[in-house]
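In: Here is my input, please return the structure:
(2 chains)
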Amino acid sequence: MSFPLLTATAALPALGAIATAAVPAARRTAAKWLALLVSLATLVLAVVVLVRFEPGGDRYQLTESHAWIADFGVRYELGVDGIGVALIALTALLIPFVILAGWHDADPLETRSSRWRPTQGFFALILAVEAMVILSFEATDVFLFYIFFEAMLIPMYFLIGGFGDRAHAGTDEKAAAQRSYAAVKFLLYNLVGGLIMLAAVIGLYVVAGNFSLQEIAEARANGTLDMATNTERWLFLGFFFAFAVKAPLWPLHTWLPNAMGEATAPVAVLITAVVDKVGTFAMLRFCLQLFPEASKWATPVILVLALISIVYGALLAVGQRDIKRLVAYASISHFGFIIMGIFAMTSQGQSGATLYMVNHGISTAALMLVAGFLISRRGSRLIADYGGVQKVAPVLAGTFLIGSLATLSLPGLAPFVSEFLVLVGTFTRYPVIGIIATFGIVLAALYTLVLYQRTMTGPVKPEVSAMPDLRVRELVVVTPLIALLIFLGVFPKPLTDIVNPAVEHTMSDVQKQDPKPEVEAAK
Amino acid sequence: MSATAVHSLWTMAADPIEKIDAPKIEYGQLSPTLIVIGAAIIGVLLEAFVPRKSRYYAQVFLSVVSLAAAFAAVIALATRGYGTTKAGIVAMGAIAVDGPALFLQGTILLAGLLGVFTFAERRLDPVAHGNQVDSFAAQAASVPGSDSEKAAVKAGFTTTEVFPLLLFAIGGMLLFPAANDLLTLFIALEVFSLPLYLLCAVARRKRIMSQEAAVKYFLLGAFASAFTLFGIALLYGYAGSVSYATIAQVVDGSIENVTPALAGTMGNDALLLIGAAMLVMGLLFKVGAVPFHMWTPDVYQGAPTPVTGFMAAATKVAAFGALLRLLYVVLPGLSWDWRPVMWAVAIVTMLGGAIVAITQTDIKRLLAYSSIAHAGFILAGVIATSADGISSVLFYLGAYSFVTIGAFAVVTLVRDAGGEATHLSKWAGLGRRSPLVAAVFAVFLLAFAGIPLTSGFAGKFAVFKAAAEGGAGAIVVVGVISSAIAAFFYIRVIVLMFFSEPKPEGPTVAVPSPLTMTAIAFGVVVTLVLGVAPQYFLDLAGQAGVFVR
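Out: Here you go, the predicted model:
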């Protein structure tokens, strides 16, 4: 038996989480280094996965399959396609930066009883989330996926509720209440979504008799497994609801601004750049593959919802006074693009959506982490409290600008490529929706540039006059992310090579072909 | 009349009657129940003859040894195939020894063993007058607040009678799911109910509340028993027999007429329907299903917490076992009639328990309503009427009972000056004071909520799967909705423990003896093992999922 590479990629952070949690209270710094090393080692494993993966090869590679709960028809089945590989790489890449950016976020404010170990808990929870996210990208058994999809809520919930923004350390009581409200809202939204999916998962079992994605998809394709139209639609809705809450899609998005606003910046990155990707990833992998007919049936409605997400998220982002909530609404707008790309049912749209997931992860991480550094310096999340920062802290302002420009999809930076592909892919099939969605970009320019203008330019506010520039640790976080944004913006081929074959598989699942170019047809 | 004549009169009268054979009792197959009942009787004798100082140790020793022996007997019977191939009906048709019976008996015995551990805990309450005390009143007979109570406390009395009472209750519970005729069912019901009424009344702290709980439980329980008995009488009138097998045959029409004396009533469907309904009502009362749940919160809150934990776990196991046997063995021919009713009961139980729990402010009442919601989930498996349904219910019961005992054991640890601090507001910030205890309780709450990787999820999935396969898709949808509602209040407790600031005069967490620690640790281990690797236990429940008829 070959080395279980995929299991190892997830098991390493899981074991690292346990080890980190077990570090004694006094050895805080050791716990941080341990977590960082574990996350770097995971990155190495993810790179090995990336290298071992052959883009032109089988659909699912590096597969593992073991018996697990025979009574439920559940197997421990792992396997990655191009989309999974890309997202595992993204996850493993971002976690070290998240850890590094949150280096001091969980230092205890005052010395409590010796058993209280918030720092160890914080980093252990981050690693636990990483392990579960990676497993859910790898699982090719629906039940196995469901378990990690659902279980990751718990560490995430503790990260949001347990470790608030230092910016609010002064007004403890109110901040704690808001924070726990945000954490509960996050959990309940996702739990309800997950439980509805559970009903659909059970329904799928009743129909199909097992949970293996490959077996079910195969049986669907060659016609041995027939689903009544209504059954398929209900099951699709059950799955899609859970993913739409997670992604999040309008009107199920309201938990995201709360959660991202109250969580520390690194945790906010974890939510939007890593955990939420599981939702959009699962739409591609499970909704389209298991329920192709129902997916096509639901496409018009989903596209309209995605369009509303794009425009509504962007409009609300323009109106925000709180930097982190602004980024949250911007993310809602971007998730709209991703979902639109997935359900446009064109190969450009879907590979664009996959690239978008990766690029949005990197660009939001860059923007949000720099915003977090900014907020921790001033102790406020309100845009109005800043002004003229670029004169005092030019490097910080510069990196913030690049993050902002990436968010508005400036050509030359990675998000442009994906946004362009999504829009092209949508336009070829649904021109009106493509045209309206383009306004999302205009609004994106508005909210990012206005954010930059209000915080960084203008007269220096007295409160920010003594603001120090980025420290070495912070530069280590930001520089690689920006380098990656530029690299993938100029040369996205490595990524598209991995993603495209997987997208073709998905396209053939839903039995859709790209529309022929109009000009040729006119001839 | 001469002496001879009298004699001949005797013999003449006796002659036509056939000889009564001595009943044939299969002692081996009945050994679990016999061991426990025997130990209970010895326990009563210990109360009478052992000096007061050594009673506690003698009783704890006897209880632990007998329960362990009975558990070993169950294992031995199961490994020799009495649960599967050699399953049969013993004791002249009164008791069934089969897979479900042995599985449930094993679960009840383990729960009982952990129950004994929590009963015997003597380190939590502060030392009174130089004596270590447990959760039970110094002298149950003394009036609360009276001089005689003070004297009893000062003298260091303890109510060691709780151990034999517990053993009697366990003995009855072992019999209850195994009963194979209606009279044995009723006797088992009374044998385990009466000691439980008493046990509810003997709390050391908040005695009035405890006694009130016992009275409520007793009155409502007596009502339910009366219903059960009336139902039994009607069913006898219908079938001419109390034996499960005979009733089932009369129900499905393979026997027409058994007793000439009952020719007027036999086969009268009205008797069957009313009798079955009353019998099922009595059992639904015991499992705490809506609308027969009214006693649950008061009794759970008032009873001494170790008793609550044991009762919540073991009563449910026993009562659901009996309900399963009744519905699957006696009334399968009637399933078109009872399934719609049980559908309705399951739905209102799930929703009712989950919704009312939201407003609770006392941790014990909260867990009581949560237990009602769980009864609803288990009912979803019961109505599946399939082998999968039986095994999923068995699995759920096993998983649930250890979570429950563990959770209530944790409740006994959180204390302030007035004893256990059960009001939720006092649990604020517990996660910061005692991270370990709070984390353990969080694990139990997540298992109650059915989060994946805990036993609660595996159980919930099993029953919902069985229900969906049985065509009860609507039940599954209601089930997940009420799970979502229920998740809200479990999460609320977690929020309170971890994200709220501790109150300055908040409760402290007592350090328990190894007894309670064992109970809690066992609960956590079972919760996680059944969550991550449930296959072995699912197999076990699957093998045990066949009733002998």
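In: give me every residue that touches A:Leu125.
Out: A:Leu125 makes contacts with A:Ala17, A:Pro155, A:Met156, A:Phe158, A:Leu159, A:Gly162, as judged by Cβ atoms under 8 Å, 6 or more residues apart in numbering or on different chains. No exception for glycine: its C-beta is placed from N, CA and C like everyone else's.
In: let's see it at 6 Å
Out: A:Pro155, A:Phe158, A:Leu159 (Cβ atoms under 6 Å, 6 or more residues apart in numbering or on different chains).
In: ok and the residue in the stretch 351-500 of chain A nearest chain B?
Out: A:Arg381 (19.5 Å; Cβ to the nearest Cβ).
In: Which residue, other than its chain neighbours, is closest to that residue?
Out: A:Asp322 (4.8 Å; Cβ to Cβ, 6 or more residues apart in numbering or on different chains).
In: What of B:Val511?
Out: B:Arg123 (7.0 Å).
In: Against B:Val133, how distant is that neighbour?
Out: When Cβ to Cβ, to the nearest Å is the yardstick, B:Arg123 and B:Val133 sit 10 Å from each other.
In: These two - which one has more neighbours?
Out: Set side by side, B:Arg123 and B:Val133 show more neighbours around B:Val133, with 20 against 16, by other Cβ atoms under 10 Å in any protein chain shown.
In: so the more buried one is in which element?
Out: Under DSSP states H and E, no helix or strand contains B:Val133.
In: Just give the nearest non-adjacent residue to it, would you?
Out: Once flanking residues are discounted, B:Val133 sits nearest to B:Asp125: 4.9 Å by Cβ to Cβ, 6+ apart.
In: try B:Val50
Out: B:Ala58 (5.1 Å).
In: Make sure A:Glu64 is indeed in a helix.
Out: No: assessed with DSSP: H, G, I helix; E, B strand; the rest coil, A:Glu64 is strand; it does not lie in a helix.
In: For stretch A:270-279, what does the pLDDT average out to?
Out: Mean pLDDT, stretch A:270-279: 90.
In: before we move on, back to that, wait, what's in contact with the residue of the stretch 351-500 of chain A closest to chain B?
Out: A:Ala167, A:Asp322, A:Ile323, A:Lys324, A:Ile375.
In: Just read off the phi/psi values of it.
Out: phi -100, psi 0 (degrees, to the nearest 10).
In: Report pLDDT for it.
Out: For A:Arg381, the model assigns a pLDDT of 82.
In: show me the contacts for B:Met278.
Out: Here B:Met278 is in contact with B:Phe227, B:Phe230, B:Gly231 (Cβ under 6 Å, 6+ apart).
In: and the closest residue to it other than its chain neighbours, which of the three is it?
Out: Spatially, and ignoring its direct neighbours in sequence, B:Met278 is nearest to B:Gly231 (3.1 Å; Cβ to Cβ, 6+ apart). Assigned state for B:Gly231: helix (three-state reduction, three-state DSSP).
In: Is it correct that B:Gly231 is in contact with B:Met281?
Out: No: contact criterion Cβ atoms under 6 Å: B:Gly231 and B:Met281 do not qualify, at 7.4 Å.
In: Could you check which of the two is surrounded by more residues?
Out: Using other Cβ under 10 Å, the more surrounded residue of B:Gly231 and B:Met281 is B:Gly231, with 23 against 19.
In: Now name the helix or strand holding the spatially most central residue of chain B.
Out: Nearest to the mean C-alpha position of chain B, by Cα atoms, centre = their mean, lies B:Thr315 at 1.0 Å. Assigned by DSSP H and E, B:Thr315 belongs to helix B:305-325.
In: can you give me the mean pLDDT across that helix?
Out: pLDDT averaged over helix B:305-325 gives 93.
In: Kindly report the same for stretch B:537-547.
Out: Taken as a whole, stretch B:537-547 has an average pLDDT of 86.
In: And for stretch B:75-84?
Out: The predicted model assigns stretch B:75-84 a mean pLDDT of 88.
In: Stretch A:70-86 too?
Out: Taken as a whole, stretch A:70-86 carries a mean pLDDT of 85.
In: so where is the chain shaky, pLDDT-wise?
Out: Let's take chain A. Within chain A, the ranges that satisfy pLDDT under 70 run A:1, A:108-116, A:164-172, A:516-523.
In: actually it's chain B I care about, not the one you picked
Out: Scanning chain B for pLDDT under 70 picks out B:1-17, B:257-259.
In: Kindly report the residues of chain A close to chain B.
Out: Counting by Cβ under 6 Å from any Cβ of the partner chain, chain A comes close to chain B at A:69-71, A:115-116, A:147, A:150-151, A:161, A:180, A:184, A:187, A:191-192, A:195, A:198-199, A:202, A:206.
In: mind running it again at 7 Å?
Out: A:68-72, A:112-113, A:115-116, A:147, A:150-151, A:154, A:158, A:161-162, A:176, A:179-180, A:183-184, A:187-188, A:191-192, A:195-196, A:198-199, A:202-203, A:205-206 (Cβ under 7 Å from any Cβ of the partner chain).
In: remind me, longest helix of chain A?
Out: helix A:172-208 (DSSP state H).
In: what's that one packed up against?
Out: helix A:142-151, helix A:153-162, helix A:229-246, helix A:255-262, helix B:455-469, helix B:473-499 (3 or more Cβ pairs under 7 Å, 6 or more residues apart in numbering or on different chains; DSSP states H and E).
In: TSV please, covering these and showing mean neighbour count and distance to B:Pro304.
Out: Formatted as TSV, those follow (neighbours: other Cβ atoms under 10 Å in any protein chain shown; distance: least, Cβ to Cβ, whole Å):
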stretch	mean neighbour count	distance to B:Pro304
helix A:142-151	25	35
helix A:153-162	25	32
helix A:229-246	22	43
helix A:255-262	26	41
helix B:455-469	27	25
helix B:473-499	22	21
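In: and of these, who's closest to B:Ala152?
Out: Minimum separation from B:Ala152 across the helices and strands packed on helix A:172-208 (Cβ to Cβ) falls at helix B:473-499, 36.1 Å.
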